[in-house]
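A.B. asks: sequence below, structure please.
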Amino acid sequence: MKMKKLSALLISGALAASVLAGCGESAQSGAATQTDSTAATETAKAEAAPVETQDVTLKIWVPEEAVEDTDAAVQAFDALHDEFNITYEIAVVGIDEAPQQLQTDPDTAGDIFYTPSGGIADLVNKGLLLPITKDFETIASDLPESALTAVTVDGLTYAAPFSPNTYFMYYNKDLLSEDDVKSLEKIMAADTGAKYNFSTNITNSWYIESFFLGAGCTLFGPDGKDPSECSWNDATGLTAAEYVIDLANNPKYLENKDGVGGAEFKDGNLAAITDGAWSAPSYREALGDKLGAVALPTANIGGKDVQLSNFVDFKTITVKSSTAYPLAAQQLAVYLANPENSLIRYQNQGDVPVLNSLASSAEIVNDEVAAALNAQASKATNQPSISKMGDYWTPAQAFGEGVASGEITKANAQEKLDALVDSITGTLTE
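C.D. replies: Below you'll find the model as predicted:
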């Protein structure tokens with residue numbers, strides 16, 4: 001059982017007041033003073049009641065790069081909360097893997113875990129997330145409206161946002177100029193002397209959409225809320241697919257599967273790569289002053305120069321609905337997203353803070369990577385948050401894998417796009 005020092009100080013103050021009262025007083029005033037003193041003593045006793053300590057066990061899922069910072073943060077949180085005695089287990093589970101693992105086995109899943117905000121509505125509808133209300137007001141006023149909207153379902157907040165979640169483009173300044181990186185055509189045509197000129201991840205459904213959305217296709221309608229709509233198989237979608245097929249077949253292109261693109265980029269064998277702020281520390285270490293960062297380039301799709309437009313949502317910290325310790329889990333989730341921990345996460349892991357008080361700070365404004373993230377976020381498309389979004393990921397990944405393997409060609413692209421849309425919307429008749 002723990003007792004806060006503040007409570008002990010209150011006891012000492014009350015006793016001192018009781019001793020001083022009554023000296024040289026009349027019986028009436030003494031009685032009144034004694035009454036006041038008794039009331040004060042009773043109040044002090046109530047205030048000095050020892051804090052009951054709850055033994056809490058929490059499993060926390062975080063990406064590998066966040067383990068050390070999370071460990072320090074949990075210990076700091078525990079030191080601030082006499083009401084909890086926390087035993088915790090930190091496990092490495094990526095932000096993209098956590099939602100699926102939660103759905104597969106909620107009982108053994110982490111109590112607290114990272115998840116993209118785009119999937120929150122789906123998890124809420126499946127009854128897997130706990131609303132985060134305790135202490136949320138401590139960060140709510142510092143969040144942009146878009147971040148609050150992204151984590152709110154039916155008026156309740158279900159996550160603590162900590163960083164805009166999208167990707168942009170890194171490049172090697174020794175291999176490409178500031179003009180080159182504005183256009184994917186210029187990047188691919190440049191005589192860089194490197195083995196590869198450009199790398200992205202078309203086999204990942206969080207990356208391939210940039211070509212379709214950039215071309216003008218929609219997913220679940222213009223506002224992302226129509227579960228029956230996906231225009232990726234119309235004429236515009238076909239031109240986008242043909243562009244991706246040509247790109248994948250270009251010898252100067254490298255598919256960034258299993259991190260091979262990042263490795264080649266750090267070794268100086270690749271001129272440009274799409275990636276997120278989380279990779280900034282390792283890229284800076286490898287390239288130093290040669291590292292550049294910008295928004296995604298334009299691409300000439302169907303004869304038109306269009307701005308590649310990827311999904312944007314927010315990295316968040318969430319709590320599973322079945323946690324045995326909902327109060328501690330909510331408070332810890334918010335604590336991990338507070339300004340102090342958001343700044344540490346940015347400095348050590350590269351996650352640019354979403355909190356307005358930090359996003360406008362000189363440290364972040366003067367950061368080229370942070371500027372690139374913010375620039376691309378302004379060109380990106382809000383990731384749909386409807387539950388139907390859960391039906392997008394696997395079919396889109398399969399389509400990208402088909403392109404990368406050569407199974408999908410221009411000859412069968414329309415057929416494969418029709419099947420893709422059928423799988424996403426589930427509305428086409430057999």
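
A.B. asks: wait, doesn't Gln414 sit right on Ala235?
C.D. replies: No. Taking contacts as Cβ atoms under 8 Å, Gln414 lies outside contact range of Ala235: 9.7 Å. Every residue, glycine included, has its C-beta placed from N, CA and C.

A.B. asks: those two - which one has more neighbours?
C.D. replies: More crowded of Gln414 and Ala235, by other Cβ atoms under 10 Å: Gln414, with 15 against 10.

A.B. asks: which of the helices or strands spans the more buried one?
C.D. replies: helix 413-425 (DSSP states H and E).

A.B. asks: and for that helix, what are the contacting residues?
C.D. replies: Applying Cβ atoms under 8 Å, 6 or more residues apart in numbering, the contact partners of helix 413-425 are 219, 227-230, 232-233, 237-238, 241-242, 245, 388, 391-392, 394-396, 398-399, 402, 408, 428.

A.B. asks: in that helix, what counts as buried?
C.D. replies: Neighbour counts using 16 or more other Cβ atoms under 10 Å place Ala413, Lys416, Leu417, Ala419, Leu420, Val421, Asp422, Ser423, Ile424, Thr425 of helix 413-425 among the buried residues.

A.B. asks: pLDDT (mean, whole number) over that helix?
C.D. replies: Per-residue pLDDT over helix 413-425 has a mean of 97.

A.B. asks: how far does stretch 308-318 sit from its chain's centre?
C.D. replies: 6 Å (Cα atoms, centre = their mean, to the nearest Å).

A.B. asks: with just CA atoms, put stretch 132-146 into CSV.
C.D. replies: What follows is stretch 132-146, C-alpha atoms only, in CSV (Å, rounded to 0.1, in the frame of the first residue of the first chain):
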residue,chain,number,x,y,z
ILE,A,132,-10.8,6.2,-24.2
THR,A,133,-12.4,8.8,-22.0
LYS,A,134,-10.3,8.9,-18.8
ASP,A,135,-7.6,11.7,-19.1
PHE,A,136,-8.4,12.2,-22.9
GLU,A,137,-9.2,15.8,-22.2
THR,A,138,-5.5,16.4,-21.4
ILE,A,139,-4.6,16.1,-25.1
ALA,A,140,-8.0,16.8,-26.9
SER,A,141,-7.6,20.5,-27.1
ASP,A,142,-4.1,20.1,-28.6
LEU,A,143,-5.3,17.8,-31.4
PRO,A,144,-6.3,19.0,-34.9
GLU,A,145,-9.9,18.4,-35.8
SER,A,146,-9.0,15.9,-38.4
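
A.B. asks: now do that stretch: distance to the chain's middle.
C.D. replies: The answer for stretch 132-146 is 15 Å, by Cα atoms, centre = their mean.

A.B. asks: which residues touch it?
C.D. replies: So stretch 132-146 is contacted by 148, 156-161, 318-319, 327, 330-331, 333-335, 337-339, 354-357, 382 (Cβ under 8 Å, 6+ apart).

A.B. asks: tell me which residue is most central in this protein.
C.D. replies: Lys315 (0.9 Å; Cα atoms, centre = their mean).

A.B. asks: tell me which element it falls in.
C.D. replies: strand 311-319.

A.B. asks: before we move on, back to that, just checking, which of the contacts of stretch 132-146 belong to strands?
C.D. replies: Among these, DSSP state E puts Leu156, Thr157, Ala160, Pro161, Thr318, Val319, Asn382 in strands.

A.B. asks: residues in a beta bridge with the third one, which ones?
C.D. replies: Under DSSP bridges, the beta-bridge partners of Ala160 are Ile317.

A.B. asks: one more: the first one?
C.D. replies: Leu156 forms beta bridges with Val153, as assigned by DSSP bridges.

A.B. asks: among the contacts of stretch 132-146, name the buried ones.
C.D. replies: 148, 157-161, 318-319, 330-331, 333-335, 337-338, 354-355, 382.

A.B. asks: give me the distance between the two termini of stretch 353-366.
C.D. replies: 14 Å (Cα to Cα, to the nearest Å).

A.B. asks: tell me the buried residues in that stretch?
C.D. replies: Pro353, Val354, Leu355, Leu358, Ala359, Ser361, Ile364.

A.B. asks: swap in stretch 258-265?
C.D. replies: Gly261, Gly262, Glu264, Phe265.

A.B. asks: again, but for stretch 232-246
C.D. replies: Trp232, Asn233, Thr236, Gly237, Leu238, Thr239, Ala240, Ala241, Glu242, Tyr243, Val244, Ile245.

A.B. asks: the buried residues of stretch 353-366: which two are farthest apart?
C.D. replies: Greatest spatial distance in the buried residues of stretch 353-366: Val354 and Ser361, 12.7 Å, computed using Cβ to Cβ.

A.B. asks: alright, that wraps it up for me.
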